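1. Here's my sequence, what's the structure:
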Amino acid sequence: MTKSEGELDPLWQDLDWAIGQMLIMGWDGTEITPQIRNLIENHHLGSIILTAKNLKSAEQTASLVQELQTIAHQAGHPQPLLISLDQENGGVNSLFDEDYICQFPSAMGIAATGSIELAYNVAKATATEVSAVGVNLILGPVLDVLTNARHQPLGVRATGDDPQEASQFCIAAINGFKDAGVATCGKHFPSYGNLDFLGSSLDMPIITQTLEELSLSALVPFRNAISAGRLDAMFVGGCGIQNAGMNVMHACLSDQVVDDLLRNELGFKGVAISECLEMQSLIQEYGVKGGTVMAVEAGNDLVLLCRAHDVQLEAISGLKLGIENGIISKERIYTSLKRVLRLKSECTSWQKALNPPGLSLLSKIHPSHLALSRKAYDQSITVVRDKEDLLPLSQSLLQEEELLLLTPLVKPLPASAATKMHENLINRASAIIIVTADANRNMYQTGFTKHVAMMCHMLRGTGQKKSLIVVAVSSPYDFAMDKSIGTYVCTFDFTETAMASLVRVLYGDIVPQGSMPGTMRKSKKVTKTRQQWLVENYDRERDGSALQELLRTMARSSTPNLPYLATVAHSFELFNPNVEEAHFVVRNSSTKTLYGFVATYFTKGIGAIGALFVDPTKRNVSIGRSLHRRAMRALLQKQGLQKLQLGLTFPGVFPGVPLDESGSNKSWFDNVGWDTQFPKRLTNMVIEDLGSWTAPEGLLQSIQRASISFDLIHGLDNAESVLSHVATHAGPEVVELYRFALQETNTSGVVRAKNSMDNLLGTVIICTAASRLSTYIPSLHSAGGEDIGGIIAPIVPSTSQSILILQGLAFMGVRQNKAHRSAKSVLSWVLDEAHEPLAAMGFEVQQTFDEITNSPENWTDLS
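-> Predicted structure coming up:
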């Protein structure tokens, strides 16, 4: 299936079959219709979208999906149908069944809990449930950032307005979906979180931000999710884009958006899915035939047509006509076909598709999922303000006093008697709860709530007890900034489960734990005085397992090019007599949980912070600052300290500060006192497919003409010249790295480059997958089980031949890795611009770090 075009199953040479795999279609109704059967049997439709109109219960859904797959199997489909579903949780679920399918909070509700782990667990539970009824592609997560949060219709479907926080929660959700065996589809590219509604004749929402502005915010979660490597598909929206560099009516029909931005700039290699082409605006502008051809030309692999059978047949006809007219090439069809078939091979099989576990599995997991649902909702309820300490009501409201619950209508009642009725009820009640839903987009709700608030204020002035609590059950932004509403609570969705948790909070059965997601959470934390956290020495026996759990938490919320996934607790401990090490933690002494960790090292005058990380749910409350302050105090006390350093190559978990798009990592160290202006750039590189790699033409001849020779040594007996060379041209920790590698005589060694006079020109460490170096250099660790060969720390002094020497050392390393049957080669690390000549050899950049050095004299104030 992942063969080249010429090796595809002969069936796909029939373009009718190939075209069918490029379409994703649905229908209305809870049973198989002749129309959908016709599409699968006669038009070879390869993907289905299910909606709430198709689904009555878990049992019916499992039966329906099984019937769809049986039809496809009997019709000769080589692979099962993709069965996709919107199951975002909160108020956007296609499948409901209170006996078997659990209700979980919306994306913003999960973000309000502040728990990345909970986001992962909820996503995994959701995907496990839909997988049980035969769904293999979940249309999520929502990757949009609410750039103008208070006025965007996406509301609680998005995580919030902070791109980095959105990235963390979305990556956790993707990991949860994938670990449950379901394919993922991010949406809505390039963003539905920053739309303007300009009232165009076609009523088409428009993105007006420039690409530079989008890149700084809206595109960040998309970029990070793609980098994380587990996003299978991307849903491309139908919005317009109007800015100085782009004038696009429908994003999903534009090659500037799909091919240029999504694929070329962001590097997405998965399946691109278009917005539904049954949009009235698109039909009026281009017609379905033309729109379908444009969608494929733009770079989409699956074209979505939701329900109208005549429109779906028109789209199929349009694709065939596009091929006949030479607009769409055969190669273009096969490019998309391969992507779709690859996705199918990863998320389904006929054994799985024809035998969904259904109720037998759902009944087993339902109790634990119900408990998870309650936990998630309980932790999401957010009390934004309670200025008058009205909560819990069990303490502020007497049993005989009346409580009035008001839910403003979307449209006002026509008679003034309604206001009179409300006033009579308010006069009777001692406490009033007003429930709002997206009041920021509904002026009646806003006006009604403010009117009641004014009445309560006036009545309190006469001595009456009038407690007012406003509860926002959708967007939290209704009255978030309106301080005249003294007690303001958010639930993030209006479901029975959310309301049950709300009642528990209102009456004091549980303590509210949620917080406003995104920038409002951060701004609230910033207003607090900086907390001084108690920092303790790391104790391996006491803290080892907790550090391991913290690393797992970091991995769930990070892109794979950060090293957490492959790092273990003892990756930070060298036990080297030439290196002094001291590590520190911030921990909860009651639960034994670690909130943060910092590792420090001192050798031959250099004091280094080798790692510093904080639980994502505990950031912005000065844990990192407390750890940093303690680490710096420990280093500054060292006798003979000459230089302070951020990053360390041995252990090489963090050779420096990881570079990120926003620059937030480096700016954090700026803010705690480091001068980061002149870093040393270190780049990890990789050859992903070593089996197909060949040496660049002419490289060997160039090396021979330069009279450069190479040999490989093991052990310390012949290592004096090597260690002297490394000590002259690199730091003392690199000397220890070489010493460690040389002592591993069976799994690693050092390649020397020499000239015709036998003078040493350069060195590099070579290691096999079995080397203990993989413990200390995470990029050598394989998450997928394949053998990785290492090419570590090339040391080449700057000369006229240095590029050729470096390339020669890398070539020798690759040759050794291939000889040991490694699946790929990792080169960790190269300095500054040295990655460019290695890129010419076929190496790709894996991750980049900035090693930063400062003088100890800069650190007189550690406040």
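2. For the longest helix belonging to the chain, could you pull out the residues that count as buried?
-> Ordering each helix of the chain by length in residues (DSSP state H) puts helix 359-380 first. Neighbour counts over helix 359-380 (16 or more other CB atoms under 10 Å) mark 359, 361-362, 365-366, 369, 372-380 as buried. Backbone N, C-alpha and C define where each C-beta goes, glycine included.
3. Could you do stretch 839-859 as well?
-> For stretch 839-859, using 16+ other CB under 10 Å, the buried residues are 841-843, 846-854, 856, 859.
4. do the same with stretch 243-253
-> 243, 246, 248-253.
5. Among those, which one sits closest to Y507?
-> A251 (47.2 Å; CB to CB).
6. wait, what's in contact with the closest residue in space to the closest one that isn't next to it in sequence?
-> Counting by CB to CB, 6 or more residues apart in numbering, V257 is the residue found nearest to A251 once chain neighbours are left out, at 4.5 Å. For V257, the contacting residues are 189-190, 236, 241, 248, 251, 298, by CB atoms under 8 Å, 6 or more residues apart in numbering.
7. Mind checking which of the residues you listed are buried?
-> 189-190, 236, 241, 248, 251, 298.
8. sorry, back to before: dump the buried residues of stretch 243-253 into TSV; add pLDDT, distance to H583 and secondary structure as well.
-> Shown next, in TSV, are the buried residues of stretch 243-253 (pLDDT from 0 to 100; distance: CB to CB, whole Å; DSSP: H, G, I helix; E, B strand; the rest coil):
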residue	pLDDT	distance to H583	secondary structure
N243	80	49	strand
M246	82	49	strand
V248	86	52	strand
M249	86	57	coil
H250	90	54	coil
A251	93	48	helix
C252	95	50	helix
L253	94	54	helix
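9. Take the residues you listed and lay them out in a markdown table including distance to G318.
-> Putting the buried residues of stretch 243-253 into a markdown table (distance: CB to CB, whole Å) gives the following:
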| residue | distance to G318 |
| --- | --- |
| N243 | 30 |
| M246 | 25 |
| V248 | 20 |
| M249 | 18 |
| H250 | 15 |
| A251 | 19 |
| C252 | 15 |
| L253 | 13 |
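10. what about the residue lying closest to S329 once chain neighbours are set aside, distance to L304?
-> Taking CB to CB, 6+ apart, and ignoring the residues beside it in sequence, S329 has I323 as its nearest neighbour in space, at 7.9 Å. I323 is 20 Å from L304, where distance means CB to CB, to the nearest Å.
11. got it, and R521?
-> 35 Å.
12. Could you check how far A634 is from H628?
-> 11 Å.
13. These two: which has the busier surroundings?
-> H628 (23 against 20; other CB atoms under 10 Å).
14. Go ahead and confirm the more buried one touches F597.
-> No. In this structure, H628 is not within contact of F597 by CB atoms under 8 Å, at 11.6 Å.
15. would you say A218 is within a helix?
-> No. A218 is assigned coil when assessed by DSSP: H, G, I helix; E, B strand; the rest coil, not a helix.
16. how about it, phi and psi?
-> According to degrees, to the nearest 10, the main-chain angles of A218 amount to phi -60, psi -40.
17. For the residue nearest to S329, identify the helix or strand it belongs to.
-> helix 309-324 (DSSP states H and E).
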